[in-house]
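J.: Quick one, structure for this:
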Amino acid sequence: MEFIVEKIGMSRTINVPAVPVTLLKVIETKVCEVREDGKALVAYNSSKKINASIEGQQKKFGIDKAFNKFMTLEVAEGTEAGELDTTPLAEASVVKTSFKTKGRGFQGGMKRHGFSGGPGSHGHRFGRRIGSIGNAEWPGRVQKGRKMPGQYGNTQVTVKNEVLSYDAENGILVLKGAVPGHKGARGLVRIVK
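T.: Numbers count the residues shown, from 1 in each chain. As a prediction, this is how the structure comes out:
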């Protein structure tokens with residue numbers, strides 16, 4: 001079963017030793033229709049602008065104007081159209097969280113792959129470059145998969161976390177450890193056990 005969540009940020013427990021935790025807010029979600037394959041079309045609130053196709057979907061399923069983004073989620077057996085039931089989160093002990101990592105733009109080899117670079121003094125002009133990248137005579141090209149400068153971050157990452165607590169009233173899920181992404185990032189939480 002999956003839920004849409006928003007990352008609030010990180011904190012720690014007050015017991016000794018302190019445990020680092022990540023706080024996630026479970027987004028209010030409406031189930032529009034349940035499909036036979038165990039998945040459902042759901043709607044939730046987003047900053048996305050409303051266009052004619054979104055208005056048509058809202059009218060078709062009879063949902064409020066605030067629910068303006070649609071996606072497909074895995075749901076529990078017996079789920080019906082209406083409010084998505086979040087009670088399984090109270091019994092969950094382990095979840096998988098999927099978020100996009102922080103985007104860092106175009107970066108060099110040292111930051112992106114942890115290369116050491118060259119000497120930094122005494123007339124060396126090597127600097128922060130990555131060095132030799134290809135073969136001379138054969139195959140006469142740069143091999144695929146070579147670690148080079150490029151886009152760093154902004155990739156989908158899934159991690160497994162232990163659930164410490166769930167506040168059903170406020171919809172706050174407390175997970176042990178870190179979760180990828182920036183504060184305010186939206187992602188998915190899937191119950192493992």
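
J.: helices or strands up against the helix or strand in which residue 72 is found?
T.: Residue 72 is part of strand 67-74 when elements are defined by DSSP states H and E. Packing partners of strand 67-74 (3 or more Cβ pairs under 8 Å, 6 or more residues apart in numbering; DSSP states H and E): strand 2-12, strand 29-34, strand 39-45, helix 52-61. No exception for glycine: its C-beta is placed from N, CA and C like everyone else's.

J.: Go again with 7 Å.
T.: strand 39-45, helix 52-61 (3 or more Cβ pairs under 7 Å, 6 or more residues apart in numbering; DSSP states H and E).

J.: out of these, which comes closest to residue 98?
T.: Smallest distance to residue 98 across the helices and strands packed on strand 67-74 (Cβ to Cβ): 15.6 Å, for strand 39-45.

J.: For the protein, which segments are assigned as helices?
T.: Ranges of helices within the chain are 52-61, 88-91, 109-113, based on DSSP state H.

J.: Give me the below-cutoff pLDDT ranges for this structure.
T.: For the chain, no stretch has pLDDT under 70.

J.: quick one: the residue nearest the centre of it and residue 180, what's the gap?
T.: The residue lying closest to the centre of the chain (Cα atoms, centre = their mean) is residue 99, at 0.6 Å. Here the criterion is Cβ to Cβ, to the nearest Å. By it, residue 99 lies 5 Å from residue 180.

J.: Quick check: neighbours shared by those two?
T.: Both residue 99 and residue 180 are in contact with residue 157, where contact means Cβ atoms under 7 Å, 6 or more residues apart in numbering.

J.: burial count for residue 39?
T.: A count of nearby residues for residue 39, using other Cβ atoms under 10 Å, gives 15.

J.: Please report how far the residue nearest to it when sequence neighbours are not counted lies from residue 92.
T.: Among residues not flanking residue 39 along the chain, residue 72 sits closest, at 5.2 Å (Cβ to Cβ, 6 or more residues apart in numbering). As judged by Cβ to Cβ, residue 72 and residue 92 stand 21 Å apart.
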